[in-house]
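Visitor: Build me a model:
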Amino acid sequence: MSPLPTHGMSPVPLPPPYRRSPASVAAVVGILAVLAVCAVPVFGFLVYWFAGPDLDEPKNAAAAYLQQIEARADRNAYGMLCSDLRAETTPAEFTAMLDAAPRPARHSVGRAVFLNEPGTSAGITVLLTNPTGASRALDLYLTSDKSGWHICGDTLI
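Guide: This is a model prediction of the structure:
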C-alpha cells in the first residue's frame, strides 16, 4: 500500500525546461554591451559636472577685480592681472589707462563660460556703469594657475 492515496489521479508531467535561442542570448548580450559602452562617457560627464571646476570661482575673481577698480585700488587690481599683462604694463601705466577711460562706479557680473575643457580659462560678461549712468558690456578673459584666477586680455581699457 502506498503511503499517500492517489484517488485515481495520475501525476501531471512537468513542462520541458525553457531553452533560450542563440539569437535571444546574442540580443541580450548586445544590449548589455551597448549599455556598458554608453555608461562610461555618461559617468565621466557626471563626475566632471559635479566634481569638476566651478564657474563661481572666475566670476568671483572678476567681481573682485572690478571692485578694486571701482575703489581706485589700482595696485590691487594690477596684482590680479595675468603675468603676461603685468610684463607688458607697469602699475603706473595701468593706472593711467584706467584714469583715461570712464572708471566704472558699479558693475554686475553676467554670463560665464569655461573656454577650455579642463576649466582653466573662462570668459565672463560684465555690465559696467559709470558715474553718469552710462553702461557698457565687457567680456573679461580669465585664466587660472596655482595662485588663482587672473584677468587676461581686455582690462577695461
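Visitor: Going by C-alpha atoms from here, please, whenever you check contacts or count neighbours.
Guide: Noted.
Visitor: where does the protein have its least confident helix or strand?
Guide: helix 22-51 (a mean of 80; mean pLDDT, DSSP states H and E).
Visitor: Return the set of buried residues in it.
Guide: The neighbour-count check on helix 22-51 (16 or more other CA atoms under 10 Å) flags nothing as buried.
Visitor: what sits up against the following helix or strand past it?
Guide: Using DSSP states H and E, the helix or strand that follows helix 22-51 in sequence is helix 56-70. The contact list for helix 56-70, computed with CA atoms under 8 Å, 6 or more residues apart in numbering, reads 74, 76-77, 80, 103-109, 112, 122, 124, 140, 142, 149-151.
Visitor: same check, this time on stretch 20-34
Guide: By CA under 8 Å, 6+ apart, stretch 20-34 touches no other residue.
Visitor: Would you mind splitting the protein into its domains for me?
Guide: Segmentation of the chain into domains, based on automatic domain parsing, reads 18-52, 56-152.
Visitor: My guess is residue 136 contacts residue 107. True?
Guide: No. Using CA atoms under 8 Å, residue 136 is not in contact with residue 107, being 9.7 Å away.
Visitor: quick one, which of the two is more surrounded?
Guide: In terms of neighbours (other CA atoms under 10 Å), residue 107 is the more surrounded of residue 136 and residue 107; the figures are 18 against 12.
Visitor: Could you verify that that one is part of a strand?
Guide: Yes. Checked against DSSP: H, G, I helix; E, B strand; the rest coil, residue 107 lies within a strand.
Visitor: rewinding a little: can you work out which residues contact both of residue 136 and residue 107?
Guide: 127, 128, 129.
Visitor: most neighbours, which of these?
Guide: Most surrounded of the shared contacts of residue 136 and residue 107: other CA under 10 Å gives residue 128, at 20 neighbours.
Visitor: That residue: which element?
Guide: Residue 128 belongs to strand 121-129, assigned by DSSP H and E.
Visitor: quick one: that strand to helix 56-70, angle?
Guide: 40 degrees (axes from the mean of the first three to the mean of the last three CA atoms, to 10 degrees).
Visitor: Heading C-terminal from strand 121-129, find the next helix or strand.
Guide: strand 135-145.
Visitor: Just give the number of residues close to residue 100.
Guide: Around residue 100 there are 10 residues (other CA under 10 Å).
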